[in-house]
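Q: what follows is a predicted structure for the sequence shown.
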Amino acid sequence: MAEHQDGRTILRPVAVRKGRGAICRRVIESLPEWFGIPASVESYVAAADELPMLACFDGAGDVVGFVSVKPIRSLPPRSM
């Protein structure tokens, strides 16, 4: 979601439940100098489709960025 404030565009992340892999693919394929190995791209897309995701979209509804988070097991508290 994009909004304008004081002449600036403010992007607000939204939770994505469907189409996470497609969002990942759009962003990664726009950065071929960083993500140029096709097998790796497919791996990232498959992973993104299964992970929780927050994404930002511009005013036209196009994705401008995302974050996928892979939860890990929690560690027991350490005593100090």
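A: Noted; the coordinates are in hand. Just so we're clear, the structure is a prediction, and the values are computed from it rather than from any experiment. Residues are numbered from 1 along each chain as shown.
Q: for the residue nearest the centre of the chain, pull up the helix or strand it's in.
A: Residue closest to the mean C-alpha point of the chain, counted by Cα atoms, centre = their mean, is F66 at 2.2 Å. If you go by DSSP states H and E, F66 is part of strand 63-68.
Q: where is the longest helix in the protein?
A: The longest helix of the chain (DSSP state H) is helix 38-50.
Q: contacts for that one, please.
A: For helix 38-50, the external contacting residues (Cβ atoms under 8 Å, 6 or more residues apart in numbering) are R20, G21, A22, I23, C24, R25, I28, E29, F35, F66, S68, K70. Yep, even glycine has a C-beta here, placed from its N, CA and C like the rest.
Q: next one: stretch 55-70
A: 1-2, 9, 11-14, 16, 20, 23-24, 26-27, 47-48, 51-54.
Q: let's see the PyMOL selection covering just the buried ones among the residues you listed.
A: Selection of buried members from the contacts of stretch 55-70 for PyMOL, criterion 16 or more other Cβ atoms under 10 Å:
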select buried, resi 16+20+23+24+26+27+48+53
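Q: buried set for stretch 36-51?
A: V41, Y44, V45, A48, D49.
Q: now for these: which two are most distant?
A: Put simply, by Cβ to Cβ the two of the buried residues of stretch 36-51 set farthest apart are V41 and D49, 12.7 Å from each other.
Q: and the strands in this structure?
A: 2-5, 8-11, 14-16, 53-57, 63-68 (DSSP state E).
Q: okay, now the sheet partners of the last one, with direction.
A: The partner list of strand 63-68 in its sheet, established with DSSP bridges, is strand 53-57 (antiparallel).
Q: so what pLDDT did I10 get?
A: Here, the pLDDT recorded for I10 equals 82.
Q: tell me, how many residues neighbour W34?
A: Other residues near W34 number 7, with proximity taken as other Cβ atoms under 10 Å.
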